[in-house]
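> Structure for the following, please:
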Amino acid sequence: MTSWSSPFPCNQLIRQQLEDADIQNIEFPGPPNSLIVVPRPDDVLRIWADETKVTTDLLQQLEQGLDQVRVIQQAGRHKVLAECQIPNHLGKQTKNAKEPDSYIAFLLLQLPELIKTYLDIDPAYYQRLKQASASTKSVLQQWLSVQSQLEKQRSIHSRIESLMEQQRDQQRRILRLLISLKGNGQ
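Have a look, this model is predicted:
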């Protein structure tokens, strides 16, 4: 295998490892028997989000790219690997995969059809997404809890202000009554 391509932007370290192994980057999809490298969907979305304004078009682009990879993989004329599998493929020691961004992981878990093709290539990715999104769920639950507590405090504060206003009204009425009684008593 002397060439590789990808429908997505790839990690610079992976690009360098492929170059060091004399595997040249070519235009996607490349000729039969070439390597197709597929980065994690969360990395692709993060890179695109850094480069441009985030829109639903990015999800459509991701889906289209993964569909192209699926078709190529089913044809069986290319070797398709997840980006995280490249070091192992090159006989290099692999590091633990970086944990996905928690918010993007949460989003991707809500769109399982979008990442189905990638999960066929890297089945362990689903578990990494779940672990990463757990912190997001926790943050969202904390935020909702704080919002609920704030709402309760606002309600209590409003009730106290109402009671204080009633007390001031009662004091004004008593004062008027006393003035009225004092005026009548003279």
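> Kindly format the C-alpha coordinates of the helix or strand of the chain with the lowest mean pLDDT as CSV.
Using mean pLDDT, DSSP states H and E, the weakest-scoring helix or strand in the chain turns out to be helix 102-109, at a mean of 80. Only the C-alpha atoms of helix 102-109 are listed here, as CSV (Å, rounded to 0.1, in the frame of the first residue of the first chain):
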residue,chain,number,x,y,z
SER,A,102,-18.2,15.9,25.6
TYR,A,103,-20.7,18.2,23.9
ILE,A,104,-20.0,16.8,20.5
ALA,A,105,-20.2,13.3,21.9
PHE,A,106,-23.6,14.1,23.4
LEU,A,107,-24.8,15.4,20.0
LEU,A,108,-23.5,12.4,18.1
LEU,A,109,-25.2,10.0,20.5
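> Just the strands from this protein, written as ranges.
Under the criterion DSSP state E, the chain contains strands at 3-5, 24-25, 35-38, 79-82.
> For stretch 144-153, what is the distance to the chain centroid?
Offset of stretch 144-153 from its chain centre (Cα atoms, centre = their mean, to the nearest Å): 25 Å.
> rewinding a little: turn the strands of the chain into TSV, including distance to Gln93, mean neighbour count and mean pLDDT.
The C-beta positions use only the backbone N, C-alpha and C, and glycine is treated the same way. Shown next, in TSV, are those (distance: least, Cβ to Cβ, whole Å; neighbours: other Cβ atoms under 10 Å; pLDDT from 0 to 100):
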stretch	distance to Gln93	mean neighbour count	mean pLDDT
strand 3-5	20	20	93
strand 24-25	23	14	92
strand 35-38	18	23	93
strand 79-82	16	18	91
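> Now tabulate those strands in JSON lines and tack on distance to Val146.
Listed next are those as JSON lines, based on distance: least, Cβ to Cβ, whole Å:
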{"stretch": "strand 3-5", "distance to Val146": "48"}
{"stretch": "strand 24-25", "distance to Val146": "48"}
{"stretch": "strand 35-38", "distance to Val146": "39"}
{"stretch": "strand 79-82", "distance to Val146": "38"}
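> Of all the ones you listed, which one is nearest Lys116?
Lys116 lies closest, by Cβ to Cβ, to one member of the strands of the chain: strand 35-38, at 12.7 Å.
> Please enumerate residues in contact with the closest one?
Strand 35-38 has contacts (Cβ atoms under 8 Å, 6 or more residues apart in numbering) with 1, 3-8, 10, 14, 18, 23, 28-30, 66, 69, 72-73, 78-83, 86, 118, 121-122.
> Direction included, what does that strand pair up with?
strand 3-5 (parallel), strand 79-82 (parallel) (DSSP bridges).
> count of residues packed around Asp114?
To be clear, residue 114 is Leu; Asp isn't right here. 16 (other Cβ atoms under 10 Å).
> ok, the closest residue to it other than its chain neighbours to Gly30 distance?
Leaving aside its sequence neighbours, Leu114 sits nearest to Glu63 (Cβ to Cβ, 6 or more residues apart in numbering; 5.5 Å). Applying Cβ to Cβ, to the nearest Å, the value for Glu63 to Gly30 is 21 Å.
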